[in-house]
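K.L.:
Need coordinates for the below:
(2 chains)
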Amino acid sequence: MYKNLKIRHKISIGPLSSALSFLLIILVTLLLGRHNNDLLEKIETGYYPSLKLNQNLETTLSAIQLSLQDAVALEDSDVVVETDKHRDGFLWSLEASKGNPVIEIQKLNDLRTIFEDYYVLARRTTIAMITKGEMNEGLVTALDSMTTNFNKVQRELVHRTGFDKQRIAKAFAASQDNHEILLGTIILATVISLLLLVWLSIVVTKSIIRPLNKTVRYANEVAKGNFDAPIKFHATDEMGVLANAFLKMTKEIGASLEEKQEALQHAVAAEEDQRRIASKLAKTNTQLASEISERKLAEQKLREAHDELELRVQERTLELTNANKELKIEIAERKRAKKRQGQLLEELANVNRELKDFAYIVSHDLKAPLRAIGSLSDWLKSDYEEQLDEGGKELVELLSTRVRRMNDLIDGVLQYSRVGRVSEEKVKVDLNQVVHNVIDSIVPPENIALEVQDELPTVWFDKTRITQVFQNLISNAVKYMDKPKGEIKIGCAAENGSWEFSVSDNGPGIAEEHFDKIFQIFQTLQARDVFESTGVGLSVVKKIIKMYGGKIWVESMLGSGATFFFTIPKERTTLHERDNGERNEKQKADPSC
Amino acid sequence: MRSKKPILLVEDDRIDCMTVTRALKEINVTNQLEIANNGEEALAFLRNGNNTRPCIILLDLNMPRMNGLEFVKVARQEDLLRGIPVVVLTTSKDEHDRVESFDLNVAGYMVKPVDYRKFVETMKTINMYWTLSELP
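P.N.:
Here you go, the predicted model:
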C-alpha cells in the first residue's frame, strides 16, 4: 500500500507520528499528575490531620488520666480544674476536625459521646476519692467502670490511628503506581516513534535510491550506446515519474540516433560498393587484355596437341579392342569354372549326406540277415545236438558269439551315425539330475564308490545326448575298474566361458600313445575275446561334445587311473554339423525289415 | 490263444517265417499258421470266402509289392477285415514307422530281437496277451 504513496507523504509520516506520541505522553502526564495531586491533597489536608488529631487525642487522654491520678495522690481538688482544661482541649480538637472531609462526622460524635461518658465518671470518682479519703464498694465499682470507659476510648483512638496510617500508605502506593505508568508510557511512545522513524527512513531511502540506481545503470547502458537496455519502473511516486520520463527521453534519443546511424551506414556502404566496382572493372580490363593474347597462344598449342592425340587415340583403340576380346574369353572361362565349382560343391554335399545316410541304412539292412544267421545257429545247436561232437558244438557257439558281437557293432554304428542325424533340441538341462539318473541306471558294484565332487551347472544341451556322454564315461570307468576299492569322481569347474567337467577313476589307466586312439570308432585296447567292447562309446562321446562346440581329452598314468575331461560352452551356441534337410525323406526310404 | 482260428503271418523272409513257426511251436500254440509273402497275398487270402478268417495278423513292415503299412491302410477300409487285430513284427526301431503304425490303430508293435531266444520270449508275451484278452 505504502508503495503507492508519494515520497512527500512518506516523509511527513515521521514528524506526524512523533508529534502524536508527544501528545500521548503529555495527555497521560496530565491525567496522572492530576490524580497524584488529588492524592497528595487528600493526604495533606485529610489523612494526615486526621492522624495528627488521633495522636493528640491519645496524648490528651493520657494526660487526663495522669492528672486525675496526681489529684488522687495529692488529694488536691484543684488539680481536677487542670484536668478540665485538658478536656476542653480534647473536645475543641474534635470540633475543629469536623471540617476535615475525610473524617466521618458521625464517628467523631460517637467518639465525643464515649469520651464524655468516661470523663464525667472519672471526674466524679476522683473527687469522691479525694473527699472521702478512703475506698468503699461504690468507689470500687465506679473505678471499674471508669477504667472500662477509658479503655474503650483508648481502643477507639488506637483503631482510628491504624486506619489513618493505612489510608496514607495506600494513597502513597497509588501515587507510586501512577509514576510507573507514566514512565512506561513515555518509554513505549518513544520506542514506537523511533521504530516508525527508522522504518520510514528505510522505505523512503529505498523508494529514492532504487529507481535512482536503476536510472544510473540505464544511463550507463545508454552511454555505451545501448538504447534498448531492458528497464522498467514500477514506482508511481516522484522518483518513478522522473525515471520514466528519463526512460522515454532516452528511448526517443536512441531511436533518432539509430535512424541517423543507419542512414550514415547506408551512405558509407554505397560509396564502398562504387569504389569496389570501379577497381574491379579496371582489373578485369587488364586481365581480359592479357587473357586474349594467352588464348591465342593456347589455341595454337591445342591444335598441335589435338593432332598428336588423334594419332595416339587410334593406336590405343586398337590395343583396347584386342584386350577386350581377350577379357571376354577369360570371363567366359571363369564363369564356366565357377559353375563347375558350384556343381562340385553340391556333389560333395550330396556325397557327404549320402555317406552319412549310407552308414545308417547299411547297418540297418545288415541286421536282417544277421538275425537269420543268429536264429539258424541257435536251431543248429538245438536240433542237431546229438549229431554234433564237442568240436562242432564249440564252432556253433563261436558262431553265436560273433553274431552277437556283429550286432553290437552294428548298433554302435547306428548310434554313432544317429548323432547329429536325428533332430537335436537344446533345452536347459540340470546336470545334477542327469548324473544322478545315470548313476542310478548303471547300478555300480559295491566295491566302487561314485562321488559327485562339485555342484553341477545347468547347461543348454539335448538331454539324451548329455545323458549319453555321462553314461558312456561313467560306465567305462565302472566297466574297466581293476582295483578292489574303486573310486570314481565327477567334477566341474568354470573355465573362461566354458564348463570343464571331469570323470576320474583309479582304474588301470591308459598309456599316452593311446590317448588319440581311444576316441576313434571301433578302436579298443584289448582283444574283444578278452574284453567284450565295441569301441563305439568314446567316439560317440567325442562326436557329441564336438558337435556342441566343446573339447574332450584324457589325462592318465598307466596303472593309477585316468581322468577324462570335456568342456561345454556356457553360452547358448548353435549346433555344429547340423543337416536337417531331406532327413525325413531318407528315413522313409530306410528298409525296415 | 483263446481262439482256435488260424493265425495269419504276413512275412517275405523265409527264415523269419521259420523263426515264427518254430517259436509258436516251442510255446505250444496250436492254432494253424497261414503265411502270406506280402500285402497283396494277404489281402487275397482274407478276401477268399473259402478261408477261415484269422483271429490275429502278425505283420512285417518291409515287404515287396505291398508293404505292411499299405496293407493295413487297405484292410482298415474293408468291413470284414477291420475287426481283426494286427500286431506289427519288425526290425525297424524307426520312430516314424512306429508312429504311423499306431496312427493306423495296430494292436501292438514288436521289434524282432536278433537273438532267437529273445524272439521266443517276445512270441510268448504276444500269446499270453491274446490268451487273456478277449478277441472280437
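K.L.:
give me every residue that touches the residue nearest to A:Lys551 when sequence neighbours are not counted.
P.N.:
For A:Lys551, ignoring the flanking residues on the chain, the nearest one in space by C-beta to C-beta, 6 or more residues apart in numbering or on different chains is A:Thr567 at 5.0 Å. C-beta coordinates here come from the backbone N, C-alpha and C atoms, glycine included. Shown in contact with A:Thr567 (C-beta atoms under 8 Å, 6 or more residues apart in numbering or on different chains): A:495, A:498-501, A:545, A:550-552.
K.L.:
what number of residues lie near A:Glu487?
P.N.:
Neighbour count for A:Glu487, taken as other C-beta atoms under 10 Å in any protein chain shown: 16.
K.L.:
Mind listing the strands the helix or strand where it lies pairs with, and their directions?
P.N.:
Using DSSP states H and E, the element containing A:Glu487 is strand A:486-495. Sheet pairing of strand A:486-495 (DSSP bridges) gives strand A:448-452 (parallel), strand A:498-505 (antiparallel).
K.L.:
Tell me the spacing between A:Arg316 and chain B.
P.N.:
A:Arg316 sits 70 Å away from chain B, going by C-beta to the nearest C-beta, to the nearest Å.
K.L.:
Now do the same for that residue: its pLDDT.
P.N.:
pLDDT for A:Arg316: 90.
K.L.:
what's the distance between it and A:Trp499?
P.N.:
Computed as C-beta to C-beta, to the nearest Å, the A:Arg316 to A:Trp499 distance reads 68 Å.
K.L.:
if we can go back for a sec, pick out the one among the contacts of A:Thr567 with the largest number of neighbours.
P.N.:
Going by other C-beta under 10 Å, A:Phe501 tops these with 27 neighbours.
K.L.:
Sheet-wise, list the partners of the helix or strand where the residue nearest to A:Lys551 lies with their directions.
P.N.:
Per DSSP H and E, A:Thr567 falls inside strand A:562-569. Paired with strand A:562-569 in the same sheet, following DSSP bridges, are strand A:498-505 (antiparallel), strand A:552-556 (antiparallel).
K.L.:
which one of the ones you listed lies closest to A:Val351?
P.N.:
Comparison of the strands paired with strand A:562-569 against A:Val351 by C-beta to C-beta identifies strand A:552-556 as nearest, at 27.7 Å.
K.L.:
residues in contact with that closest one?
P.N.:
For strand A:552-556, contacts defined as C-beta under 8 Å, 6+ apart pick out A:509-512, A:515, A:518-519, A:541-542, A:545-546, A:562-567.
K.L.:
That strand: which residues count as buried?
P.N.:
Residues A:552, A:554, A:556 are the ones in strand A:552-556 that count as buried (16 or more other C-beta atoms under 10 Å in any protein chain shown).
K.L.:
which among those residues gets closest to A:Val216?
P.N.:
A:Ile552 (92.1 Å).
K.L.:
who's the closest one bridged to?
P.N.:
A:Phe566.
K.L.:
per-residue confidence at A:Asn324?
P.N.:
92.
K.L.:
Can you list the low-confidence ranges for the chain?
P.N.:
Since no chain was named, I'll use chain A. A:1-5, A:133-135, A:227-236, A:360, A:364, A:420-424, A:528-532, A:573-593 (pLDDT under 70).
K.L.:
Chain B, not that one
P.N.:
For chain B, the stretches with pLDDT under 70 are B:1-2, B:93-94, B:135-136.
K.L.:
So which residues of it form helices?
P.N.:
Along chain B, counting by DSSP state H, helices occupy B:14-26, B:39-47, B:68-77, B:79-82, B:95-103, B:116-132.
K.L.:
Would you mind reformatting these (as TSV) and adding columns for mean neighbour count and distance to A:Ser67 while you're at it?
P.N.:
TSV is the format used below for the helices of chain B (neighbours: other C-beta atoms under 10 Å in any protein chain shown; distance: least, C-beta to C-beta, whole Å):
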stretch	mean neighbour count	distance to A:Ser67
helix B:14-26	17	179
helix B:39-47	19	181
helix B:68-77	18	172
helix B:79-82	12	173
helix B:95-103	15	162
helix B:116-132	16	166
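K.L.:
Among these, which comes closest to A:Asn350?
P.N.:
A:Asn350 sits nearest to helix B:95-103 of all the helices of chain B, at 22.3 Å, using C-beta to C-beta.
K.L.:
Using a markdown table, please lay out the strands paired with strand A:562-569 together with distance to B:Asp13.
P.N.:
Below are the strands paired with strand A:562-569 laid out as a markdown table (distance: least, C-beta to C-beta, whole Å):
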| stretch | distance to B:Asp13 |
| --- | --- |
| strand A:498-505 | 43 |
| strand A:552-556 | 41 |
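K.L.:
Tell me which residues touch residue 61, please.
P.N.:
Since no chain was named, I'll use chain A. A:90, A:115, A:150, A:153-154, A:157.
K.L.:
To clarify, I was referring to chain B.
P.N.:
Per C-beta under 8 Å, 6+ apart, neighbours of B:Leu61: A:592-593, B:67-69, B:88, B:90, B:92, B:97, B:101.
K.L.:
ok, now B:Leu43?
P.N.:
B:Leu43 touches B:66, B:71, B:74-75, counting by C-beta under 8 Å, 6+ apart.
K.L.:
The stretch 201-350 of chain A: helices as residue ranges?
P.N.:
A:238-383 (DSSP state H, counting those that start in this stretch).
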